[in-house]
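> Show me the folded form of this:
(2 chains)
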Amino acid sequence: MVIAETCRQALKDMGINPDRLALEWVSAAEAPRFTELITGFVSKIKSLGPLGSGDGEGGKDIVQGYLMDGVKAASARKVRIALGKLAKNTHKSGNYDTQTISTRVAKEVLPAFQQERVSQQKKAKEAREEAYKILEVLPRRCAKHLSNGPCGGSVGGRCEADPKMPCIWQKIYERLISLKQEQLLREIMPMRDWRVADRSRRHRREREESAL
Amino acid sequence: MAAEDFNPRILGFLCHWCCYSAADAAGVSRYQYPSNIRVIRVMCTGRIDLRFILEAFKSGADGVFTGG
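Below you'll find the model as predicted:
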C-alpha cells in the first residue's frame, strides 16, 4: 500500500493521471469479481485515452522523458531508504489508514523522489549535450570523412587508412556508450558542405604532378 | 485516434495465490473479460516495486493493474 501510494504520487509528480494505476484485492475464488474489475478498469483507461494524451498529461514524448528520469530516480538509494523506512514504520504502528499513509508518503518519500528526478533530468541533459558535441566535432577526424558511423574496415580499433591512428568512430562509440547516449548514433547527420572544404595539401600536390 | 478505436495496453501484476488464480478460474468458467490485459504473475503483490510500475508505463503501458 505504501508502494502503491508512492507510485500514485510519483505519477502525479510526473504529470500522469494516477488513476492509471489500480490496486485491487481479489481472492482466488472470486473469478466473477476479477472479470468485473478488469472490465471496469479497461473501460476507465479507454476513457482516459493513450498514455500522455489524458487531461494534464503533456503529450507522449514529454511523459516518456519524465518516465526515463523517474525510473532512475525510483532506484536511487535515497528514495529506496525513505520508502523502506516508511514501510517498516507503517508495519510497526499497524496503522494502515489510507489518509495517514498518503500524508506520510508526501512528506517522507516524495521529496526525495522529486529531488532525484530533477537531478536525473539535469544529468541526462548534460550527457545529451556532451554527446552532441562529440558527434559534431570528432567525426571530422575520420580519415574517410565519414559522418554516420564507422566504415567497417578498422581492425582492433585501428584506422584502416593509417593503422598508427585509432579509429575515431570506435572512440566516438565508446564515449557515447559511457554517456549512455548511444541511441544518438542512429540519427542521420546532415550533409557536410564540401564546397568550403579545405582540400589537403597532398591532394593538391598530386593534382599538380599529374597535370600535363 | 478515435476513442472507440483506442485499445489500451494494460499490464497486470497478479499475485500467484489470489488474483492470478481468480483469473485462471475466470478462464476455466468461461467468464468473458477484455483481452487488453497482459499478465505478469508475481509470487506476491508485495514483490511489486515502484520501479516495476514506472518501467511498465515507460515501456508503453496505458494502465497498470495490480491484483492482490
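> what's in contact with the helix or strand harbouring B:Thr66?
Following DSSP states H and E, one finds B:Thr66 within strand B:63-67. Strand B:63-67 is contacted from outside by A:4, A:20-26, A:34, A:37-38, A:41-42, A:44-45, A:48, B:8-15, B:18-20, B:22-23, B:37, B:45, B:48, B:53, B:56-57, using C-beta atoms under 8 Å, 6 or more residues apart in numbering or on different chains. In short, each C-beta sits where N, CA and C put it, glycine included.
> Just these: which are in strands?
Within the contacts of strand B:63-67, residues falling in strands by DSSP state E are A:Leu21, A:Ala22, A:Leu23, A:Glu24, B:Ile10, B:Leu11, B:Gly12, B:Phe13, B:Leu14, B:Cys15, B:Ile37.
> Narrow the contacts of strand B:63-67 to those that are buried.
Among the contacts of strand B:63-67, those scoring as buried are A:4, A:20-24, A:26, A:34, A:37-38, A:41-42, A:45, A:48, B:8-15, B:18-20, B:22-23, B:37, B:45, B:48, B:53, B:56-57 (criterion: 16 or more other C-beta atoms under 10 Å in any protein chain shown).
> picking that back up, tabulate the ones in strands among the contacts of strand B:63-67 in CSV, adding columns for pLDDT and distance to A:Lys85.
As requested, these are exported to CSV (pLDDT from 0 to 100; distance: C-beta to C-beta, whole Å):
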residue, pLDDT, distance to A:Lys85
A:Leu21, 88, 22
A:Ala22, 86, 26
A:Leu23, 87, 21
A:Glu24, 84, 27
B:Ile10, 90, 32
B:Leu11, 92, 28
B:Gly12, 90, 29
B:Phe13, 91, 24
B:Leu14, 90, 28
B:Cys15, 89, 25
B:Ile37, 88, 33
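> would you turn those into a markdown table with distance to A:Tyr132?
Below are these laid out as a markdown table (distance: C-beta to C-beta, whole Å):
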| residue | distance to A:Tyr132 |
| --- | --- |
| A:Leu21 | 35 |
| A:Ala22 | 40 |
| A:Leu23 | 41 |
| A:Glu24 | 45 |
| B:Ile10 | 37 |
| B:Leu11 | 34 |
| B:Gly12 | 40 |
| B:Phe13 | 38 |
| B:Leu14 | 43 |
| B:Cys15 | 45 |
| B:Ile37 | 40 |
